[in-house]
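Engineer: Here is a sequence with its predicted model. Questions after.
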Amino acid sequence: MSKFNYTYSDPSNHASGSTPYGIYDEDTIFQADSLTVTKWTARRLGHPVLQLEIYSGSIYACFEEAVSEYSTHINNYNMKNWMWEHYGTSNKLSGSTLGSTGSNDPISSNLGTAVHMSDTYGTFAGVGGDVHLKSGSVSMVKNKQEYDLQTWAEASESGNRLVIQGVFNQGPSAITRFYDPFAGSFEQRNMLDAFGMGNTAPAVSYIMRPISYDISRAQAIETNDLIRKSAYSFHIADNKLKIFPRPTATDASDKIWFHYYVRDDLTSTTNTTTQGRVSDPSNAPYKFLPYQEINSTGRQWIRKYTLALSKELLGIIRSKYASLPLPGGEVSMDGEALKAEGREEKDSLLEELKEFLDSISLSERATAEAEIATSNQQVLSRAPLTIFIG
């Protein structure tokens, strides 16, 4: 059997180039700790009193795995809390990568995917979106109520199907019928212009009246038009627009405007929210945490996990030999016990880390803040109130 292969006096004998993946070969703190952690692990396993059937390179591999395991759980915690904040951001593993130096700051709260979803709603609500909202118009013809907008589209939109969003078919404003247009003098008209009212009526008699008078009169005019006259409205089906009331000779050549989308523009719009961007945990740009940025608490967990991995590995090696023959007898190996003990310690450390991370998640923080607020209210409810005498 070979003894534990470790040269204590050679400072160059560290993990650089000796770990399977070499993830932390450029991390000087990792390289320095690889010596001390390996020495500590060997002594915790009984060296030099006991012979260890394991090489220093194997403990280096366990150390690298322990750091990577810790990094994985921290990154999973971050994704659990911030995944939807990263959604749609760049997923390139270069530049300011998540988990790398200088990019560990908490992410400020934002609307996340609600912003991307609102683009689609905004398109059909006419308040934004990614598709251009266009305007068109048709000229009214005396006694003609129905107009085929697809016929208009043949000339204006190359026959493409229209999706009508709004039709502007309103009656004249009530304010234009408030007063006698000849009631005001020249000076009064100048006064109206100064108030910005010169484009409605030249009369000024209503300036000194309460605003409720204007509102009541406008409502009376609009209600009169609605009940006693044919109200201005429209009906549209299959892009055939029918307007009310029937156009008269005075309406001829007037235009009715409408807003529309081209259906092909709506259906051909490609949603690039996640193209080359974060769409799920598999492409969130998290790297292994730099070992030098891990605090003392995390490093202690890594040391213990390295020992558990090494103990399991040593147990696997020793379990291949249940006993060794010696002159006058044999010696039993503790491989199965070491293997079971190492796995139990691994499970315990992982469970401890997961419970700790869950206890500081955003959902747990919200619960704790709610409990604190409730407790504060109970305390304040028992406090005597100050009596003010005035």
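Structural biologist: Nice, I can see it.

Engineer: In the stretch 201-350 of the chain, where is pLDDT below threshold?
Structural biologist: For the stretch 201-350 of the chain, the stretches with pLDDT under 70 are 201-209, 269-276, 323-324, 326, 328-331.

Engineer: residues of the longest helix anywhere in the chain that come out buried?
Structural biologist: Counting residues, the longest helix found in the chain (DSSP state H) is helix 56-86. Using 16 or more other C-beta atoms under 10 Å as the test for burial, helix 56-86 gives 56-71, 73-75, 77-79, 81-82, 85-86. (C-beta placed from N, C-alpha, C; glycine too.)

Engineer: Endpoints of stretch 223-240, how far apart?
Structural biologist: 28 Å (C-alpha to C-alpha, to the nearest Å).

Engineer: Please compute how far it lies from its chain's middle.
Structural biologist: Here the centre of stretch 223-240 is set off from its chain's centre by 45 Å, with C-alpha atoms, centre = their mean, to the nearest Å.

Engineer: His259: which element?
Structural biologist: strand 255-262 (DSSP states H and E).

Engineer: Give me the contacts around the helix or strand that comes right after that strand.
Structural biologist: Going down the chain from strand 255-262, the next helix or strand is helix 263-268, by DSSP H and E. Contacts with helix 263-268, where a contact means C-beta atoms under 8 Å, 6 or more residues apart in numbering, come from 123, 131-132, 160-163.

Engineer: Name the member of these with the shortest distance to Lys339.
Structural biologist: Thr123 (61.6 Å; C-beta to C-beta).

Engineer: So that closest one, which state does it fall into?
Structural biologist: helix (DSSP: H, G, I helix; E, B strand; the rest coil).

Engineer: Quick check: chain neighbours aside, which residue is closest to it?
Structural biologist: Using C-beta to C-beta, 6 or more residues apart in numbering and skipping residues adjacent in sequence, the residue nearest Thr123 is Gly129, 3.0 Å away.

Engineer: contacting residues around the one you found?
Structural biologist: 119-123.

Engineer: Buried subset of those, written for ChimeraX?
Structural biologist: Of those, the buried ones can be selected in ChimeraX as follows, counting by 16+ other C-beta under 10 Å:
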select :120,123
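
Engineer: Please dump the contacts of Gly129 into TSV; it should also carry pLDDT for every row.
Structural biologist: Below are the contacts of Gly129 laid out as TSV (pLDDT from 0 to 100):
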residue	pLDDT
Asp119	72
Thr120	73
Tyr121	74
Gly122	74
Thr123	77
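
Engineer: Take the contacts of Gly129 and write them to CSV, including distance to Arg246.
Structural biologist: Below are the contacts of Gly129 laid out as CSV (distance: C-beta to C-beta, whole Å):
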residue, distance to Arg246
Asp119, 41
Thr120, 38
Tyr121, 37
Gly122, 36
Thr123, 34
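
Engineer: Between the contacts of Gly129, which sits nearest Ser212?
Structural biologist: Using C-beta to C-beta, the contacts of Gly129 come closest to Ser212 at Gly122, 36.7 Å.
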